[in-house]
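Peer 1: my questions are about this predicted structure, shown below with the sequence.
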Amino acid sequence: MEVNERRTQRERSESTRAALIAAARPLFAAHGFAGVGTEAIVQAAGVTRGAMYHQFADKVDVFAAVFEAVEEEMTERVLARAAGADTSTRAGTLEVVEAGIAAWLDACAEPGIQRIVLVDAPAVLGWQRWREVGLRHAVGLIEAVVAEAVAAGVVQPLPVRAVTHVVVGALEEAALYVASSDPGSTARAEVDTVLGRLLAGLFVEEPPAAGRTVEQ
């Protein structure tokens, strides 16, 4: 009986936490961290303020949970877009890179995700906590792909962590550049071209096909 009661209590706690995150996400997306009060969150979630503080230390803690949920969703989008690619080959790794860039920029084009991930998260959580969350999700995924590609010899033997942070920085700036551009501009096409050229430079050049000579 005690086991069932503990399980029920845990399930209720998990349900309350999930409800708060689900309620807070659209509020933060629409109004930003500063524009949302805890009262609005508990009312939207249909729980008491005491229930919120049982789950989270404060509003920053709620925001951190929302940010983590968004990062997880973005990682799933990238994985879905790049599913089936062989990262042990140059062509397969390029396919993953291109799919990942497209999925990331598509997600960041959504105003709510842009505000939570790129605008508020670094300011609210601080760089260290922001990056720690990223390492568990999108940044961690990029690092894993880079490490595998370096080990397979299709990417230059460069420091994996350094390459990951440089790539992530470029992607974030690219997303902000596109987001701040006028609707209908060529910003997205420009960014696709530039990022493609930059990242292609990390790859080991393929040897010429048999029977062909390299042009002088």
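Peer 2: Cool, got the structure.

Peer 1: same for the helix or strand bottoming out on mean pLDDT in the chain, what does it pack against?
Peer 2: Within the chain, no helix or strand scores below helix 90-108, which has a mean of 84 by mean pLDDT, DSSP states H and E. Where contact means 3 or more CB pairs under 8 Å, 6 or more residues apart in numbering; DSSP states H and E, helix 90-108 is packed against helix 59-82, helix 138-152, helix 160-179, helix 187-200. Heads up, the C-betas are built off the backbone N, CA and C, glycines and all.

Peer 1: where does pLDDT dip in this structure?
Peer 2: The chain contains residues with pLDDT under 70 at 1-7, 206-216.

Peer 1: looking at it, which helix is longest?
Peer 2: Criterion DSSP state H: the longest helix present in the chain is helix 2-31.

Peer 1: and that helix, what does it pack onto?
Peer 2: Using 3+ CB pairs under 8 Å, 6+ apart, helix 2-31 sits against helix 38-45, helix 49-55, helix 59-82, helix 111-113.

Peer 1: now do the second one: which elements does it pack against?
Peer 2: Using 3+ CB pairs under 8 Å, 6+ apart as the contact definition, the elements that helix 49-55 packs against are helix 2-31, helix 38-45.

Peer 1: go through the shortest one and flag the buried ones.
Peer 2: Read that as helix 38-45. 38, 41, 42, 44, 45 (16 or more other CB atoms under 10 Å).

Peer 1: domain assignment for the chain?
Peer 2: Domain assignment for the chain by automatic domain parsing gives 1-56, 59-200.

Peer 1: out of those domains, which one sits most buried?
Peer 2: Sort the domains of the chain by mean neighbour count, taking mean count of other CB atoms under 10 Å, and domain 59-200 sits at the top with a mean of 17.

Peer 1: straight-line length of it, end to end?
Peer 2: Using CA to CA, to the nearest Å, one end of domain 59-200 lies 42 Å from the other.
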